[in-house]
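Enquirer: got a predicted structure here, sequence first:
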Amino acid sequence: MKQQTLHGEKVRKTVMSVVLSVICIIYVLPVLTVVINSFKLNTYVKTDTFALPIGDMWAGFQNFIKGMTFGNYPFYKSALYTLIITVLSTALILLFCSMAAWYIARVNSVFCKVVYYLCVFSMVVPFQMVMFTLSKTADRLQLNTPWTIPVVYLGFGAGLAIFMFVGFAKSIPIEIEEAASIDGCGPLRTYFKVVFPMLKPTMISVGILEIMWVWNDYLLPSLVLDINEFRTIPIHIQYLKGSYGTVDLGATMALIFLSIIPVIIFYLICQKYIIKGVAAGAVKG
Amino acid sequence: MQSILETNEALAAEAAEAPSAEATVRESLEAKAKAARERDLKGYKPPRRSLFKNPLRRWGWLFLGPVVAAFIIGFVWPFIQGIYLSFCSFRTTSDAQLLPAKGENLFGNYIKAVTDPSFLHSFWYTALFAIVSLIMINVLAFTVAYALTQGVKGSNLFRTVFFMPNLIGGIVLGYIWSMIFDGILSYYGTSILMETKFGFWGLIILMCWQQIGYMMIIYIAGLQAVPEDMMEAAKIDGATKTQTLFRVVIPNVMPSITICTFLSLTNGFKLFDQNLALTGGLPFIIQSDGSTIKTTEMLALNIYNTFYGSNVAAQGTAQAKAVLFFILVAALGLIQLAYTRKREVQQ
């Protein structure tokens, strides 16, 4: 009897493995389709989407070469701008929001409470609510370049970051900071030498969430940046499709393929942190 | 007799006095201890008050300043201005005029917004989309998470693959899937832009593909936190697998279900990038009064199109729509939370 149930369990697990593997393959297919089509001649992309690029359809690296200057805008530039914006914004958010969150956690004033609750409130406000006024304000304050747009990201993204940092900073025992301050550390040194290192796990979680948000964000930069001069990858891809009557699908797929590669590399390297960070960010509800 | 009585009384009085005497001694001891403590503490103040907090308090401009300044630029000011502008007639933010000053109804923009057929259509379309995607994403994500926590071989690999689409941006996702759907539909001589139902189910499939991995992670965390002894107790009591699932596992992962339903509902309502990239709202139908309704246009895209569309006089209406949209999203989140929190297992 027992033998039988054990056997049943084994069969069940094998079946489950097979089913999951099939789903897994289906899951990867869309990305594979992109890869296939980036090596296919444009005319065949629409008619033979799922065929392998062999024989007549093989385009070699023609799509990639074409894609580099496609849409009258060099692709490397948009990749570079996306990188600059993502790195600067994430760095700004991590530094200033953690400082502010520590202050809020340790100083019990009305102003701190107001800032904190405004931050929590800002998390439920959809971007469309502030879209128009924010883009006008950013324009007037000259925040419309890749080097200044991080300020806008810091302002609009502060909510989640502060919320997560305050939650963690409150759990840090105050005695450590007291010891530092008795040893003669000023608040600034206490923060950078004592608190900052302890905030590391939350830094990683918040950093991952912000990187994922900023790198993929389309609407905010498209409204704030000067589109003719600065394009991020999502803006560039959107404009390829939008501005031309007939779209060169092969070249578009080549660019999409190129833009996915860094994301997947980033994911495979930091997978553990990404999954942890996402799980931590979800608790914000 | 008398003396005995007196002695008794005295004894009783003494007995009654005894605890109070004890209390007096305790009080005096405590007072002494307190005085001693205070003597010891003279010239030394507890660090929590003076050594630590006050210096930090003076550094507020440095610690809070940058964030508060950016927060005002990036959120507080645009938000307040946005509410103000929803009662105005304007082209840009600088020429705004309150509607009554132009002899119109103060709520004119809101009236135009709620009577706009394209807005109403996008509202119902979005609501339907949000509910269908909520159910599908959560059921599928829970099933996958449940399967992955049963000790199947290679569950780490599966988890990695299922989560991967989350990192790809909405615009890119939209184009990947529009190519795939067009590739399939071209065999039937049609395209995703031709029919509303293609756009609807296409977007559902896209969102499932993207979001299942995310929700799955939250469910796995919840499932791993189900107390082992409860599962054992259920097994000993002879519960079947199904009974265990519905009576033990699901009530215990209720917090995760709260978070996931909340997230997928608001995600569904706020969806923009994927909608724009997959169909852009197409196809459209022309109304009898000449206005058009884009049938797969969701709320966020409708607001965007009203702002930056061909009709430049409609920006007040667009801002009013945006305010209504904000109220809707915020309210939905709160209702959802209040409702599901009640059903959580009391710990």
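Expert: Yes, it's here. Worth saying up front: this structure is predicted, and the values here are computed from it rather than measured.
Enquirer: residue B:318 contacts residue A:131, correct?
Expert: No: look at residue B:318 against residue A:131 with CB atoms under 8 Å: they stay out of range, at 9.1 Å. Bear in mind the C-beta positions are built from the backbone N, C-alpha and C, glycine included.
Enquirer: find residues that contact each of these two.
Expert: Common contacts of residue B:318 and residue A:131 (CB atoms under 8 Å, 6 or more residues apart in numbering or on different chains): B:303, B:307.
Enquirer: now the nearest residue to residue B:88 once chain neighbours are set aside: phi and psi?
Expert: Nearest residue to residue B:88, sequence neighbours excluded (CB to CB, 6 or more residues apart in numbering or on different chains): residue B:96, at 4.1 Å. Main-chain torsions, residue B:96, degrees, to the nearest 10: phi -70, psi 140.
Enquirer: and residue B:96, how many neighbours?
Expert: 17 (other CB atoms under 10 Å in any protein chain shown).
Enquirer: do residue B:156 as well
Expert: There are 10 residues near residue B:156, going by other CB under 10 Å.
Enquirer: hang on, the earlier thing: for the residue nearest to residue B:88, which residues are in contact?
Expert: B:84, B:85, B:88, B:89, B:90.
Enquirer: and of those residues, the nearest to chain A?
Expert: Chain A lies nearest to residue B:85 out of the contacts of residue B:96, by CB to the nearest CB, at 6.6 Å.
Enquirer: roughly how far apart are the nearest residue in space to the closest one that is not next to it in sequence and residue B:95?
Expert: Once flanking residues are discounted, residue B:85 sits nearest to residue B:319: 4.7 Å by CB to CB, 6+ apart. Residue B:319 sits 14 Å away from residue B:95 when distances are taken as CB to CB, to the nearest Å.
Enquirer: which one of those two is surrounded by more residues?
Expert: When residue B:319 and residue B:95 are compared for neighbours, residue B:319 comes out ahead with 31 against 9, by other CB under 10 Å.
Enquirer: do you know the pLDDT at that one?
Expert: Looking at residue B:319, its pLDDT stands at 91.
Enquirer: give me the helices and strands touching the helix or strand hosting it, please.
Expert: Per DSSP states H and E, residue B:319 falls inside helix B:315-342. Secondary-structure packing of helix B:315-342 (3 or more CB pairs under 8 Å, 6 or more residues apart in numbering or on different chains; DSSP states H and E): helix A:127-140, helix B:77-85, strand B:88-89, helix B:108-114, helix B:254-270, helix B:299-308.
Enquirer: need the ones you listed in TSV with distance to residue B:101, can you?
Expert: Compiled in TSV, the helices and strands packed on helix B:315-342 are given as follows (distance: least, CB to CB, whole Å):
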stretch	distance to residue B:101
helix A:127-140	20
helix B:77-85	13
strand B:88-89	9
helix B:108-114	12
helix B:254-270	33
helix B:299-308	22
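Enquirer: look up the closest residue to residue B:81, ignoring the ones flanking it.
Expert: In space, residue B:81 is closest to residue A:133, 4.3 Å off (CB to CB, 6+ apart).
Enquirer: sorry, slip of the keys, the one I care about is residue B:196.
Expert: Per CB to CB, 6+ apart, closest to residue B:196 is residue B:295, 4.3 Å.
Enquirer: from residue B:121, how far out is the one you found?
Expert: 7 Å.
Enquirer: more neighbours: these two, which one.
Expert: Between residue B:295 and residue B:121, residue B:295 has the larger neighbour count (other CB under 10 Å), namely 20 against 17.
Enquirer: quick one: contacts for that one?
Expert: Residue B:295 neighbours (CB under 8 Å, 6+ apart): B:121, B:125, B:196, B:199, B:281, B:282, B:283, B:284, B:285.
Enquirer: for it, phi and psi?
Expert: phi -80, psi -20.
Enquirer: on the pLDDT front, check it for me.
Expert: 86.
Enquirer: with residue A:228 instead?
Expert: pLDDT, residue A:228: 83.
Enquirer: surely it is in a helix?
Expert: No: checked against DSSP: H, G, I helix; E, B strand; the rest coil, residue A:228 lies outside a helix; its state is coil.
Enquirer: quickly note the distance from residue A:180 to chain B.
Expert: 9 Å (CB to the nearest CB, to the nearest Å).
Enquirer: what's the answer for residue A:251, then?
Expert: For residue A:251 relative to chain B (CB to the nearest CB), the value is 12 Å.
Enquirer: what about the chain, any weak spots by pLDDT?
Expert: Let's take chain A. A:1-6, A:242-246, A:281-285 (pLDDT under 70).
Enquirer: meant chain B, my bad for not saying
Expert: In chain B (pLDDT under 70), the answer is B:1-26, B:29, B:32, B:36-55, B:337, B:339-347.
Enquirer: mind doing that once more with 80?
Expert: B:1-58, B:60, B:91-97, B:100-104, B:282, B:287-291, B:310-313, B:333-347 (pLDDT under 80).
Enquirer: and residue B:139, how many neighbours?
Expert: Counted with other CB under 10 Å, residue B:139 comes out at 12.
Enquirer: quick check: phi and psi on residue A:217?
Expert: Here residue A:217 shows phi and psi, under degrees, to the nearest 10, equal to phi -70, psi 140.
Enquirer: now it. Nearest residue, chain neighbours left out?
Expert: residue A:234 (6.9 Å).
Enquirer: what's the helix or strand for that neighbour?
Expert: helix A:233-243.
Enquirer: in that helix, what's buried?
Expert: Using 16 or more other CB atoms under 10 Å in any protein chain shown as the test for burial, helix A:233-243 gives A:233, A:234, A:235, A:236, A:237, A:238, A:239, A:240, A:241.
Enquirer: residue B:148: which of those is nearest?
Expert: Of all these, residue A:234 has the smallest distance to residue B:148: 31.2 Å, by CB to CB.
Enquirer: distance check, the closest one against residue A:225.
Expert: If you measure residue A:234 against residue A:225 using CB to CB, the figure is 11 Å.
Enquirer: part of a helix, is residue A:52?
Expert: No: Residue A:52 is assigned coil when assessed by three-state DSSP, not a helix.
Enquirer: now for the closest residue to it other than its chain neighbours: which residues touch it?
Expert: Nearest residue to residue A:52, sequence neighbours excluded (CB to CB, 6+ apart): residue A:36, at 6.2 Å. Neighbouring residues of residue A:36 by CB under 8 Å, 6+ apart: A:50, A:51, A:52, A:53.
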